[in-house]
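Q: fold the stuff below for me.
(one chain, ligands or ions: 1)
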Amino acid sequence: MTMAMTTGASAGTTLGASAAEKGRYFGAAVAVNKLSNSTYTTILNREFNSVVAENEMKWASNEPQQGVFNHSSGDRLVSHAQANGMSVRGHTLLWHAQQPGWAQGMSGSALRSAMINHVTQVATHYRGKIHSWDVVNEAFADGGSGGRRDSNLQRTGNDWIEAAFRAADAADPGAKLCYNDYNTDGINAKSTGIYNMVRDFKSRGVPIDCVGFQSHLGTSLASDYQANLQRFADLGVDVQITELDVMTGGNQANIFGAVTRACMNVSRCTGITVWGVRDCDSWRGSDNALLFDCNGNKKAAYTNVLNALNAGPGIPTTPPTTTPPPTDPPPTTPPPTTGGCSASVSLNSWNGGFVASVKVTAGSAGTNGWNVSVTLPSGAGVTNTWSATASGSSGTVRFASVDYNSRLTAGQVAEFGFQGTGSGAGMTPTCTAS
Ligand code: G2I
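A: All right, here's what the predicted structure looks like:
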């Protein structure tokens, strides 16, 4: 007798594989010191294809003294992820909590400058290695106001969030940049406040790519959970479930399943992260809020999540690009210059400082290397630079291409940036190519 074979090709048997079949990731928050525990890493490596550091990439952890960075734990997680084919969420560049003492004591333009420097340095350190960054975490108030939470960061000016997104974009243009918050699990005053901010950012070109819904849940799920995800997706951002855990009780397994189905039903919901591996790893302690019990056994909630992943629709893939017919007219946009290169600068300024993002466009001959000269207004100074090497820090400063962005084909664009003190207004860059 010949038996039909089930290959499992269309129904994964682990959370990560099932999510991947649907074009998504399924991740866990990791306490980096537990990576040496083999029970823990066995589950992590088997089930998950994305990780996020539960605490180790927070400001207090990686910049314990001003300007002194320690990325050892974060790097360890990134290496583990790379060795095991997992993507990495970055959590979090700026948050009112878990700030180092030195930042807690700062205010005004000194704090604004320190905060932008933190974003720039950390995003630059991990450049190219982070799938999505929680650029700003939990900046909205609970309750009915729909407004911002008071914090030292908020008191530097209401534009602190967009300043952070611009700095993160300049430092790591390839990462998805997310705003992340909790108590946003339905259409309510807080989620609507965030919705309005995202809509405003999209209309003004502030570089935001995604919104994270932490989803630390109790014993019921808002009936408009999916509708809320969808209204954000309709603004043109991805949505992600970023810190899912659910209070134990009769509904736990159902709620985990319902959250997973909601994500699957929203084509821009690109992944789910649970906030820990086993119940005993969770910050929620006796809530037993996760998918594995303390012995590492799969719970009913696990089965519901896996089934929902396997039953859900995949993310529509973009149709393959068709080769244009040979008679197509050449592109109508002329190259920006003939030979040489051109440069333009965009500024993100605050009282006492700025971040400049510079675009270099190669002329018709392409480049083997390029230099951009910028004359700073008097009193202004460059404090750090990324994706270029600076000569000088005031007056006329020359920025030279680095190995990975020297060679540009005709019309190709490279971007670099620098942070400065004082005012950067009115800078006119000039570009020369070699
Ligand atoms: O509070 C739950 C999460 C809410 N959203 C943002 C997340 O970043 C946050 O994670 C939690 C971690 O799960 C906890 O592990 O953030 C807490 C801090 O606000 C973390 O707790 C801290 C303790 O407060 C510290 O005493 C401890 O040293 O964990 C640290 C490392 O174990």
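
Q: contacts and neighbour counts: CA atoms only from here.
A: OK.

Q: count of residues packed around the closest residue to the ligand within the chain?
A: For the chain, the nearest residue to the ligand under the criterion CA to the nearest ligand atom is Trp283, separated by 4.9 Å. The burial metric for Trp283, expressed as a neighbour count using other CA atoms under 10 Å, is 14.

Q: now swap in Thr432 and tell me
A: Using other CA under 10 Å, Thr432 has 18 neighbouring residues.

Q: where does this structure dip in pLDDT?
A: With pLDDT under 70 as the threshold, the chain has low-confidence stretches at 1-10, 317-338, 404.

Q: quick one: name the residues of it near the ligand.
A: Proximity of the chain to the ligand (CA under 6 Å from any ligand atom) is limited to residues Glu54, Asn55, Trp283.

Q: one more time with 8 Å, if that's ok
A: Remark: the part of the chain in contact with the ligand comprises 31, 54-55, 58, 91-92, 97-98, 137-138, 181-182, 214, 216, 243, 275-276, 282-283, using CA under 8 Å from any ligand atom.

Q: what about burial for those, which qualify?
A: Of the members of those, the ones counted as buried by neighbours, 16 or more other CA atoms under 10 Å, are 31, 54-55, 58, 91-92, 137-138, 181-182, 214, 216, 243, 275-276, 282.

Q: I'd assumed Glu54 was in contact with Leu77.
A: No. Between Leu77 and Glu54 no contact is recorded; they are 10.5 Å apart, counting by CA atoms under 8 Å.

Q: need the overlap of contacts for these two.
A: Common neighbours of Leu77 and Glu54, counting by CA atoms under 8 Å, 6 or more residues apart in numbering, are Val32.

Q: which ones are touching Ser342?
A: By CA under 8 Å, 6+ apart, the contact list for Ser342 reads Pro336, Val360, Thr361, Ala362, Gly363, Thr430, Cys431, Thr432.

Q: can you count the residues close to the fifth one?
A: In this case it means Gly363. Applying other CA under 10 Å, I find that Gly363 has 23 neighbouring residues.

Q: one more: the fourth one?
A: By other CA under 10 Å, the residues close to Ala362 number 31.

Q: so it touches Asn405, yeah?
A: No. When contacts are counted by CA under 8 Å, Ala362 is not listed as touching Asn405 (11.0 Å).

Q: can I get the contacts of Ser342 in CSV with secondary structure?
A: Formatted as CSV, the entries for the contacts of Ser342 read as follows, by DSSP: H, G, I helix; E, B strand; the rest coil:
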residue, secondary structure
Pro336, coil
Val360, strand
Thr361, strand
Ala362, strand
Gly363, coil
Thr430, strand
Cys431, strand
Thr432, strand
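
Q: can you show me the strands along the stretch 101-250 of the chain?
A: Counting by DSSP state E, counting those that start in this stretch, the stretch 101-250 of the chain has these strands, from start to end: 132-137, 176-181, 210-213, 216-217, 238-246.

Q: sorry, wrong one. I was asking about the stretch 301-434 of the chain.
A: If you assign secondary structure with DSSP E, counting those that start in this stretch, the strands in the stretch 301-434 of the chain sit at 341-350, 353-362, 370-375, 381-386, 389-391, 396-400, 413-421, 430-433.

Q: what's near enough to touch the nearest residue to Thr409 once chain neighbours are set aside?
A: Counting by CA to CA, 6 or more residues apart in numbering, Gly366 is the residue found nearest to Thr409 once chain neighbours are left out, at 4.3 Å. Residues counted as contacts of Gly366 (CA under 8 Å, 6+ apart) are Gly339, Gly340, Cys341, Arg407, Leu408, Thr409, Ala410, Gly411, Gln412.
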